[in-house]
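Engineer: have a look at this prediction, sequence included:
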Amino acid sequence: MAAATDPEILMGKEFSYEDLQHFTDNFSEENSIGRTHFGMLYRGKIPQGWKDQLDEKYVTVKMWENKEYLGNDNWGRVLPQYLLDRVKDEIRFLGLPFLESNKNVAKVLGHCFEDDKLGVVYDLNPFDTLRNLMCDKEKLGWRNRVKVAIGLARVVKFIHNNEPQYLIRNLSAAHVVVDQEFNPVIVDFAMILGGDIGDAETDRVITFGCHDYLDPYIWFTADWKERTDVFTVGIILLELILKQIGIGMHLSYKLLSYYYKNGDFNLFVPKGLRGDPDFDKEPYKRPNMDQVVSKMEKLRILNDQFKDN
């Protein structure tokens, strides 16, 4: 695996696998908060006094595995070098200066590259993942759903509007951690693409984003565009409104392919959203994130609490 001296990945503290076991109570089920595209997320706590840590700190730990979650408890194998490249891409991206002050993007506290153990520790005290909260109207009430929605839309807009532009490509509710103040924080950028980060040609062959959130356009073109992220944001916003998960894939891949090729894309889109530009089968007909955020900010429910700060 990665050498500890690799300058591309030396960001933050260097943790041992034993450290991560200690922080997460040996990756206990109680501390597990869900699957990611390439692994698992855990709540963690760095104890007071640990390696000059003055106060205890609550963190989020992500362990990477040599497999890719395909949905419905199905996993595909991933080559170790490909996985390592994805970890490097994420850490390099999260270290870019333009992200330093954005509260909706996870901050890397440190990493673990020990034999075949790959882990990243984020300076983030998690309440839960958005996926876990999506159907729980008690834990995630309407006001906080709106806060999550506008925060998520704004951070995707922020990432898209950077120069060079970056595409997230595997955004999902499982990759958004809601912190203790109900801010949405994106914690997975394994498929980030932009500047000199990411490999679009390799990804055409190896992987296709997150189950339930994948733009159908990708299935037939493998051509990632800004508007493919817009489609995913639209799915997450719809889930927040309806308090449901798994909305994006009502049809099996085979049926989706059949209906798409025969021109009846509306059969894929929920009836109430047919004609909504966010879900248009042609990406160029969808709004960009500037337009999405502008429309959201005009909603009456977005009072002063949710204005830019």
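Structural biologist: Noted; the coordinates are in hand. Numbering: from 1, shown residues only.
Engineer: ok, the closest residue to residue 226 other than its chain neighbours to residue 179 distance?
Structural biologist: Spatially, and ignoring its direct neighbours in sequence, residue 226 is nearest to residue 160 (5.7 Å; C-beta to C-beta, 6 or more residues apart in numbering). All C-beta atoms are positioned from the backbone trio N, CA, C, and that covers glycine. Computed as C-beta to C-beta, to the nearest Å, the residue 160 to residue 179 distance reads 22 Å.
Engineer: again, but for residue 117
Structural biologist: Taking C-beta to C-beta, one finds residue 117 at 26 Å from residue 179.
Engineer: again, but for residue 32
Structural biologist: 18 Å.
Engineer: ok, residue 37 next?
Structural biologist: Residue 37 is 21 Å from residue 179, by C-beta to C-beta.
Engineer: also residue 25?
Structural biologist: Counting by C-beta to C-beta, the gap from residue 25 to residue 179 is 21 Å.
Engineer: ok, those two, which is more surrounded?
Structural biologist: Neighbours were counted for residue 25 and for residue 179 using other C-beta atoms under 10 Å; residue 179 has more, 18 against 14.
Engineer: below-threshold pLDDT in the stretch 1-150 of the chain: ranges please.
Structural biologist: 1-11, 68-76 (pLDDT under 70).
Engineer: what ranges do the helices span in the chain?
Structural biologist: Along the chain, counting by DSSP state H, helices occupy 17-23, 80-94, 130-133, 142-160, 200-206, 216-221, 226-242, 253-261, 289-297.
Engineer: hmm, who's touching the first one?
Structural biologist: Read it as helix 17-23. With C-beta atoms under 8 Å, 6 or more residues apart in numbering as the test, helix 17-23 has contacts from 27, 44-47, 50, 59, 61, 63, 112, 114-115, 117, 119, 121.
Engineer: pLDDT score assigned to the residue most central in space within the chain?
Structural biologist: Note on the chain: the residue nearest the mean C-alpha position is residue 175, at 3.3 Å, using C-alpha atoms, centre = their mean. If you check residue 175, the pLDDT there is 97.
Engineer: what sits against it?
Structural biologist: By C-beta under 8 Å, 6+ apart, the residues touching residue 175 are 36-37, 129, 186-188, 210.
Engineer: next: residue 83.
Structural biologist: By C-beta under 8 Å, 6+ apart, the contact set of residue 83 is 38, 64-66, 118.
Engineer: try 7 Å this time
Structural biologist: Residues in contact with residue 83 (C-beta atoms under 7 Å, 6 or more residues apart in numbering) are 38, 64, 66, 118.
Engineer: cool, and residue 59?
Structural biologist: 23, 44, 46, 109, 121-124.
Engineer: now with 10 Å?
Structural biologist: The contact partners of residue 59, taken as C-beta atoms under 10 Å, 6 or more residues apart in numbering, are 20, 23-24, 42-46, 109-110, 121-126.
Engineer: if any of those are buried, give me the ChimeraX selection for them.
Structural biologist: To isolate in ChimeraX the members of these that are buried, counting by 16 or more other C-beta atoms under 10 Å, one can use:
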select :20,23,24,42,43,44,45,46,109,110,121,122,124,125,126
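Engineer: tell me which of the contacts of residue 59 is nearest to residue 223?
Structural biologist: Comparing the contacts of residue 59 against residue 223 with C-beta to C-beta places residue 122 closest, at 31.1 Å.
Engineer: I'd say that closest one and residue 46 touch.
Structural biologist: No. Residue 122 is beyond contact range of residue 46, at 11.7 Å (criterion: C-beta atoms under 10 Å).
Engineer: find residues that contact each of those two.
Structural biologist: Common contacts of residue 122 and residue 46, defined by C-beta under 10 Å, 6+ apart, comprise 59, 61, 109-110.
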